[in-house]
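S.K.: no sequence for this one, just the structure:
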């Protein structure tokens, strides 16, 4: 328990009573230590020219407050969340200050915040029986939102192929021991993955063109029946488009209906302008 008159642990330099004590609600609901933005980003801004360029250009587009948190128990480098009460963004990192190698991940999540404030939708769970399957909603959201965010990172010089290839290596290890999806939820999850993998390939080619996608060729060969279905959904995405909030909403609506999960999944947009 931090004393009211002690230095605030967020590294702001202020006393606790003048700083984070005023945000008891937030601290009570975040099971990890929070820090000021300048402390979290000090190494990243000093060592990553790509991130510094992105940050100086794009940071002002995020209107909601960002809470920067340290969670050493994270099983990934960074986790992003939106808090409805109070209406703030949360970024949790496994290491703080953020190391230079995490520049892409940090910029990627900040770009998601920008997109959400512009009205780009995501997908949530509406069926209480599916609350344990939140990864399905996350996968479907990422199918469109990740390539949208990554495309906006291209001008800043981030190496998108490094991210794509590393993910492909890990994903291949996972899919080597799995069978073709059968249930509607399994098919939608895998379809979302296939769409994301293809669209992110397209975006990475903007950074540096490649002619052959070895991972998707391997995936198509391993799951020939399902890949045909996934390509039909991919064709739907290409037909509708996904570059605008309206197009993304239409794609999510069509995909959820196609897999007859209308009662289980819902489309979410965050009300930033009320």
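M.R.: Cool, got the structure. What you see is a predicted model; the values in this text were computed from it and never measured.
S.K.: got a list of what residue 82 touches?
M.R.: 88, 89, 90, 116, 270 (Cβ atoms under 8 Å, 6 or more residues apart in numbering). Every residue, glycine included, has its C-beta placed from N, CA and C.
S.K.: which of the residues you listed lies closest to residue 242?
M.R.: residue 116 (14.8 Å; Cβ to Cβ).
S.K.: that older thread, redo the contacts of residue 82 as JSON lines? Include pLDDT and neighbour count.
M.R.: Below are the contacts of residue 82 laid out as JSON lines (pLDDT from 0 to 100; neighbours: other Cβ atoms under 10 Å):
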{"residue": "88", "pLDDT": "86", "neighbour count": "15"}
{"residue": "89", "pLDDT": "91", "neighbour count": "22"}
{"residue": "90", "pLDDT": "90", "neighbour count": "19"}
{"residue": "116", "pLDDT": "93", "neighbour count": "22"}
{"residue": "270", "pLDDT": "76", "neighbour count": "17"}
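S.K.: Any chance of CSV for those residues, columns distance to residue 59 and secondary structure?
M.R.: Below are the contacts of residue 82 laid out as CSV (distance: Cβ to Cβ, whole Å; DSSP: H, G, I helix; E, B strand; the rest coil):
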residue, distance to residue 59, secondary structure
88, 15, strand
89, 12, strand
90, 16, strand
116, 15, helix
270, 19, coil
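S.K.: Distance across stretch 211-227, terminal residue to terminal residue?
M.R.: Counting by Cα to Cα, to the nearest Å, you get 20 Å between the two ends of stretch 211-227.
S.K.: So what touches that stretch?
M.R.: 168, 171-172, 175-176, 180-181, 187, 190, 194, 197-198, 201.
S.K.: before we move on, what about stretch 169-189?
M.R.: Residues contacting stretch 169-189 (Cβ under 8 Å, 6+ apart): 130, 133, 135-136, 139-140, 190, 193, 197, 215, 218-219, 222-223, 225-226, 229, 255-256, 259-261, 264.
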